[in-house]
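J.: return a 3D structure for these sequence lines:
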Amino acid sequence: MKLEEIYKSESPVITFEVFPPKKETSIDELFEHLSVLKRFNPALISVTYGAGGSSRDKSSEIVSRIKSQLGITPMPHFTCVCSSRDFIKDYLMRTEAEGIENILALRGDEPQEIDVCYRDFRYANELVEFIRSQTSLSIAVAAYPECHMDCGDISVDIENLKRKVDAGASVIYTQLFFENGYFFRFMDLLEKASVNIPVVPGVLPVSGYAQLQRMTGMCGARVPDEVDKFFSRYKDDEESIRKAGTEFAIRQSQELLAFGIKGLHFYTLNKSAQICDILDSVL
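T.: Alright, predicted model coming up:
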């Protein structure tokens, strides 16, 4: 089912994100967790894709198994940084040939080690435009409620996002955040910019203090003082911080649903238990 149809639902749409594990044996473990999460009837499961095509084969395997083994709509991520136009066209043709209907189009981070870096595509809006011109895939794009860390100006960041939407995006998935006020302000700015496609907030359940610091450092998300104090109390107690992270994600999700968003996109970190606890309370 394509994104446009998925987000016509009157009920909140639940989606998950997973990533290719480093160990081959861990792919089977990932699918054990996804089999548990299947009871929440996710509309789709997105699969990350490394910069320059790293982890491409594993991503493709996971995408294929999500579709054939679980019977759930997969949505591969796809980055354009350092990729040639011919490579991207070939990938898109093979993706459609495999019966995939949706794709998350990203610029991506430039890989650290690569022999040749093509400059055929500089920004995600160029990739979106190319996908739209070459395929019938439904296209999702990413957004940063607090502003992309490479931008620094939220108004400019909104303009960049609008370019992706105008190029043919159908749905926006946001980066994680820990203060819903950032997301509400972001939605106001999108309305003023006449961006009216579905916007789906990304939710990351905190399961460790080091994880919180690492993930926010990678994406530039801020941790408000009161949130940091809430979690830092348990930083040396793995079980307690997991419970605190679950409680926080439940409150955050409930507030977002009350706001009227179209769905929730959970960063699962390839695990199921915490997501189950959250959705059992939220749905």
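
J.: okay, and the residue nearest to Arg163 when sequence neighbours are not counted sits in which element?
T.: Among residues not flanking Arg163 along the chain, Asn125 sits closest, at 4.0 Å (Cβ to Cβ, 6 or more residues apart in numbering). Quick note: C-beta positions are derived from backbone N, CA and C, even for glycine. Using DSSP states H and E, Asn125 falls within helix 124-134.

J.: and the contacts of the helix or strand just after that helix?
T.: If you walk from helix 124-134 toward the C-terminus, the next helix or strand you reach (DSSP H and E) is strand 138-143. With contacts defined as Cβ atoms under 8 Å, 6 or more residues apart in numbering, strand 138-143 is touched by 2-4, 46, 75, 101-106, 124, 128, 131-132, 161, 164-165, 168-175, 186, 199.

J.: show me what contacts the residue nearest to Arg163?
T.: Neighbour list for Asn125: Asn160, Arg163, Lys164, Asp166, Ala167 [criterion: Cβ under 8 Å, 6+ apart].

J.: of the residues you listed, which is the nearest to Val36?
T.: Val36 lies nearest to Lys164 out of these, by Cβ to Cβ, at 33.6 Å.

J.: contact partners for that closest one?
T.: Ala105, Ala124, Asn125, Val128, Val141.

J.: try Glu238
T.: Ser207, Gly208.

J.: out of the contacts of Asn125, who's the most crowded?
T.: With neighbours taken as other Cβ atoms under 10 Å, the top of those is Lys164, carrying 26 neighbours.

J.: how big is the angle separating the helix or strand harbouring it from helix 124-134?
T.: Per DSSP H and E, Lys164 falls inside helix 154-167. With axes from the mean of the first three to the mean of the last three Cα atoms, to 10 degrees as the basis, helix 154-167 and helix 124-134 are set at 10 degrees to each other.

J.: what's the helix or strand immediately after helix 154-167 in the chain packed up against?
T.: Using DSSP H and E, the helix or strand that directly follows helix 154-167 along the chain is strand 171-176. If you count contacts as 3 or more Cβ pairs under 8 Å, 6 or more residues apart in numbering; DSSP states H and E, strand 171-176 packs onto strand 138-143, strand 199-203, helix 209-219, strand 263-267.
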